[in-house]
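Student: Fold the following and give me the result.
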Amino acid sequence: MGAITLFCDDLEASRSFYGEALGWTLLFADDNSVAFDAGNTIVNLLREEEAADLIAPAAVAKRAAGARMQLSIFTNDADAACAALRAAGVTIAGGPIDQPWGMRTATFHDPSGHVWEIAQEIPAT
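Tutor: Model prediction:
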């Protein structure tokens, strides 16, 4: 996957979150969008009001509609990743917890309500 675009109801808060709390490198910014380097994927943040033309004829769902996806970040140490997020002011919504499918996971939300998961493979014993 080369890029994902997230529709944001508060672009400035989201820009701060991804740049400061997550520490991702800014690639591009203008009045309507901000793009970050997330390793092998670009995460593009787009003002919600600008998204309609991009996805027409589909409709842009409002935040109140609830989550329709979860984005995952793989790590070698979920507990350390959560500690770093907490130190950066991010609230961990759930976890870390060992899942029956062999991953240790935790979740957090960005300022626009997008759900992110920290995921660590649990070594086989």
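Student: after the helix or strand of the chain with the lowest mean pLDDT, next one along is what?
Tutor: Across the helices and strands of the chain, mean pLDDT, DSSP states H and E gives its lowest value to helix 51-55, namely a mean of 92. Towards the C-terminus, the helix or strand next in line after helix 51-55, according to DSSP states H and E, is strand 70-74.
Student: one step back: contacting residues around the least confident helix or strand of the chain?
Tutor: Residues outside helix 51-55 that contact it (C-beta atoms under 8 Å, 6 or more residues apart in numbering): Thr5, Phe7, Leu46, Ala59, Val60. Using the backbone N, CA and C atoms, a C-beta is placed for each residue, glycine as well.
Student: Is it possible to mark the buried ones in those residues?
Tutor: Neighbour-count burial (16 or more other C-beta atoms under 10 Å) applied to these gives Phe7, Leu46.
Student: just to revisit the earlier point, export only the CA atoms of the least confident helix or strand of the chain, formatted as PDB.
Tutor: Taking C-alpha atoms only, helix 51-55 is exported to PDB below (Å, rounded to 0.1, in the frame of the first residue of the first chain):
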ATOM      1  CA  ALA A  51     -13.200  14.900   0.600                       C
ATOM      2  CA  ALA A  52     -16.500  14.800  -1.300                       C
ATOM      3  CA  ASP A  53     -15.000  15.500  -4.700                       C
ATOM      4  CA  LEU A  54     -12.300  12.900  -4.100                       C
ATOM      5  CA  ILE A  55     -14.700  10.000  -3.400                       C
END
